[in-house]
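Undergrad: 3D model of this:
(one chain, ligands or ions: 1)
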Amino acid sequence: MATCVVTGGAGFLGSHLCEELLARGNRVICVDNLETGTLANIAHLRDPRFVHLNIDIIEPYFIEEPIDCVYHFASPASPIDYLRIPLQTLKVGSYGTHHTLGLAKRHRARFLTASTSEVYGDPQVHPQPESYWGHVNPIGPRGVYDEAKRFGEALTMAYHRQQGVDTAIVRIFNTYGPRMRARDGRAIPTFLRQALQDQPITVFGDGSQTRSFCYVEDLVRGIVALAESGHHDPVNIGNPNEFTLLELAQTVIEVSGSSSPIVFEELPVDDPQVRQPDITRARELLGWEPTVELREGLRRTIAQAGRDALTGTR
Ligand code: NAD
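TA: You can find the predicted model right below:
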């Protein structure tokens, strides 16, 4: 039985990852200070092989028992969170990543860090392959997240090259599914909350900006495949089917049977115009590709999360 550490394991993606790792027969140590996560996300993981440690990884931390694999997911991830706590976002991406890489080094464990499509910023290349270096505004409000993730990637490669740590980097594109927070500010939870209450759906700008949405089960499968591979270079994991935000709003209305009107609001600063992963590398190296399309993923999200959770009334 392998032992896996998941930092950020009580968050949206981390909790799904903990669940999958347990299902595959691993022991799982979830390290999470509940800054943006919640115990409710892991309450169902009642298993003697699962433990939650309430640790802030910005400070040095140690785990005594042997560890085989470290999945580093702790970081504020939604704009509402990283704009609220910009300094913690920079610290968790720098000190937090440093301490977690140190943990992996001491235990000679495989280390996988959750990076993001935001390292591409407002991309000038479309779709985005891993070889594209990005177009990021370091001093804009979003810079705290984008640059923390870019620094995290640089630190990960330095630990690999200089210290011999067995590292992997996954660049995650917008992912959705049950356990998203109703008010985390991201497009799908916001649109679902509004649609399920028949309230106006707020689309930023004219809704022509695009995003590509990956269902959480597809993402987790790709992440585990990358961790189990021997690859060190970044790998995009996301669904290449691209939608405008207006199309997304219309699809959410259709799937939820809502009567919500669509209204338009001001575009946030540095909001990327396009976002679409080039997943050639994931296909070739991991044999991975997504299988759940948007309508199906939205249906599953509504069925599994339930109306109360999605509207934030529970
Ligand atoms: P989330 O906010 O639900 O989860 C993040 C978790 O990290 C939370 O449980 C939070 O409590 C924990 N955390 C934050 N700071 C911490 C600290 N200092 N010490 C210990 N724990 C801390 O976000 P998510 O959407 O699940 O994202 C998880 C990871 O995936 C993040 O690193 C994020 O950047 C990355 N990512 C997510 C997406 C997406 O679409 N959800 C896209 C790209 C990248």
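
Undergrad: Look up the closest residue to Glu217, ignoring the ones flanking it.
TA: Excluding the flanking residues, the one nearest Glu217 by C-beta to C-beta, 6 or more residues apart in numbering is Val292, at 6.4 Å. C-beta coordinates here come from the backbone N, C-alpha and C atoms, glycine included.

Undergrad: who in the stretch 1-150 of the chain is up against the ligand?
TA: 7-8, 10-14, 32-37, 56-58, 73-77, 92, 96, 114, 116 (C-beta under 6 Å from any ligand atom).

Undergrad: Pull the longest helix along the chain out as PDB, backbone CA atoms only.
TA: In the chain, taking DSSP state H as the definition, the longest helix is helix 143-163. Taking Å, rounded to 0.1, in the frame of the first residue of the first chain, the C-alpha atoms of helix 143-163 are listed here in PDB:
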ATOM      1  CA  GLY A 143      -0.600  38.500 -11.000                       C
ATOM      2  CA  VAL A 144      -0.400  37.200  -7.500                       C
ATOM      3  CA  TYR A 145      -1.900  33.900  -8.600                       C
ATOM      4  CA  ASP A 146      -0.400  33.600 -12.100                       C
ATOM      5  CA  GLU A 147       3.100  34.500 -10.900                       C
ATOM      6  CA  ALA A 148       2.900  32.300  -7.800                       C
ATOM      7  CA  LYS A 149       2.100  29.400 -10.100                       C
ATOM      8  CA  ARG A 150       4.900  30.300 -12.500                       C
ATOM      9  CA  PHE A 151       7.400  30.600  -9.600                       C
ATOM     10  CA  GLY A 152       6.100  27.200  -8.300                       C
ATOM     11  CA  GLU A 153       6.900  25.700 -11.700                       C
ATOM     12  CA  ALA A 154      10.400  27.200 -11.700                       C
ATOM     13  CA  LEU A 155      11.000  26.000  -8.100                       C
ATOM     14  CA  THR A 156       9.800  22.500  -9.000                       C
ATOM     15  CA  MET A 157      12.200  22.300 -12.000                       C
ATOM     16  CA  ALA A 158      15.100  23.600  -9.800                       C
ATOM     17  CA  TYR A 159      14.500  20.900  -7.200                       C
ATOM     18  CA  HIS A 160      14.400  18.400 -10.000                       C
ATOM     19  CA  ARG A 161      17.600  19.600 -11.700                       C
ATOM     20  CA  GLN A 162      19.700  20.500  -8.600                       C
ATOM     21  CA  GLN A 163      18.300  18.100  -6.000                       C
END
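
Undergrad: The next helix or strand after that helix close to the ligand?
TA: Per DSSP states H and E, helix 143-163 leads on to strand 167-172 as the next helix or strand towards the C-terminus. Yes: Strand 167-172 lies within reach of the ligand by C-beta under 6 Å from any ligand atom, at Ile172.

Undergrad: Now do the contacts for the spatially most distant residue from the centre of the chain.
TA: Using C-alpha atoms, centre = their mean, the residue of the chain lying farthest from its centre is Ser259. It sits 30.3 Å away. Contacts for Ser259 (C-beta atoms under 8 Å, 6 or more residues apart in numbering) come out as Asp198.
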